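> Give me coordinates for this.
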Amino acid sequence: MAIAMTLAVLIGGLFGMSAGMSTTRLSSARATLSAYDEGHRRAAAEGGRGMGGALSANEWSETADRPQLRAAITELAAHSQRVMLGICAHDPGSGVAELKSWVEGLGLPRGKLHGMDRDGIPLDMTDFGPCYIKYNSLPTGNGDPAGTALLSGYGGDFRGVYFSPDLGDDAFDQYGVIPLGLFGSGASGLPLLSAVGSAAAASAAGQASGASSSTLQARGPPALSSKLVEQAVADILP
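Predicted coordinates for the structure are as follows:
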């Protein structure tokens, strides 16, 4: 009985230490992202360049400690009931690439991507311009599965990702704008095709349009349609 009690005490102590360490890591991660968020806001207010000081804030964000930010975001995401992302990108191609990198980097659910077609007809996204992609790791009320994302137009100057983890403690956590390319997408003004995939995507586009590869090269990057995106980033779609 004494041995059993001793084991119970040891096991309880280990669980207590583990919980304490987890709480400490979460607090540290929150502090890291809060400090970044405060610095980002201050840079926007003091710099003042761009809409809402966005250009100044974008420039400041590039000086951030990326490994530290990545570690803090990964820690919070791992303990979250839900993760929401808001991606402000140069164009749909770089936006989708950024979404893919975050989904893969954080091990988030992969769902549908809306906003690239109208009534099932692919849209020509070549001249779409800056975009905003909203991602939700949980199913939505309108029947969309976990991991659904919605792409829409964006008229602001901020470039980066809003990160909103729900840790289930009734606190509202939103941090941003986190610099692009944090999880290796390298999304920073990338050409449409290189942002969403490789030559395979161009080949798929050529086959779909009936054009040869030389014709595609002469015309420049083909239109970024929903079909092309699904082929290029199939691993984030059902």
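> Work out for me the element Met125 sits within.
Using DSSP states H and E, Met125 sits in no helix or strand.
> State the number of residues packed around it.
Residues lying near Met125 (other CB atoms under 10 Å) number 25. In short, each C-beta sits where N, CA and C put it, glycine included.
> how about the nearest residue to Pro109, chain neighbours excluded?
Gly147 (3.4 Å; CB to CB, 6 or more residues apart in numbering).
> Show me which helix or strand of the protein is least confident by mean pLDDT.
helix 213-219 (a mean of 26; mean pLDDT, DSSP states H and E).
> Surely Gly155 is in contact with Cys131?
No. Contact criterion CB atoms under 8 Å: Gly155 and Cys131 do not qualify, at 10.4 Å.
> which of these two has more neighbours?
Using other CB under 10 Å as the criterion, Gly155 and Cys131 rank with Cys131 on top: 21 against 8.
> ok, so what distance separates that one from Leu182?
Per CB to CB, to the nearest Å, Cys131 is found 18 Å from Leu182.
> correct me, but the residue nearest to Pro109 touches Ser137?
Yes. Between Gly147 and Ser137 there is a contact at 6.1 Å, judged by CB under 8 Å.
> Now for these two: what residues contact both?
Residues touching both Gly147 and Ser137 by CB atoms under 8 Å, 6 or more residues apart in numbering: 108-109.
> Below-threshold pLDDT in the chain: ranges please.
1-21, 185-238 (pLDDT under 70).
> And the strands in it?
82-89, 113-114, 117-118, 121-122, 131-136, 148-153, 160-166, 175-178 (DSSP state E).
> okay, those strands in CSV with distance to Lys100 next?
Output for those, formatted as CSV (distance: least, CB to CB, whole Å):
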stretch, distance to Lys100
strand 82-89, 11
strand 113-114, 10
strand 117-118, 19
strand 121-122, 19
strand 131-136, 11
strand 148-153, 10
strand 160-166, 12
strand 175-178, 16
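> Compare those strands and give me the one nearest Met51.
strand 82-89 (11.3 Å; CB to CB).
> elements contacting the closest one?
helix 92-106, strand 131-136, strand 160-166 (3 or more CB pairs under 8 Å, 6 or more residues apart in numbering; DSSP states H and E).
> Show me what the second one is packed against.
Pointing back at strand 131-136 there. So strand 131-136, by 3+ CB pairs under 8 Å, 6+ apart, packs with strand 82-89, helix 92-106, strand 148-153.
> just the first one next, same as before
Where contact means 3+ CB pairs under 8 Å, 6+ apart, helix 92-106 is packed against helix 66-78, strand 82-89, strand 131-136, strand 148-153, helix 192-196, helix 226-232.
> closest one to Asp170 among these?
strand 82-89 (13.2 Å).
> on that earlier part again, for the helices and strands packed on strand 82-89, could you give me CSV that also reports distance to Ile121?
Shown next, in CSV, are those (distance: least, CB to CB, whole Å):
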stretch, distance to Ile121
helix 92-106, 16
strand 131-136, 19
strand 160-166, 29
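> The ones you listed: which one's closest to Glu62?
Among the helices and strands packed on strand 82-89, strand 160-166 sits nearest to Glu62 (CB to CB), with 9.8 Å.
> So which elements touch the closest one?
helix 66-78, strand 82-89, strand 175-178.
> which of those sits most buried?
Among the helices and strands packed on strand 160-166, strand 175-178 has the highest mean neighbour count (mean count of other CB atoms under 10 Å), at a mean of 24.
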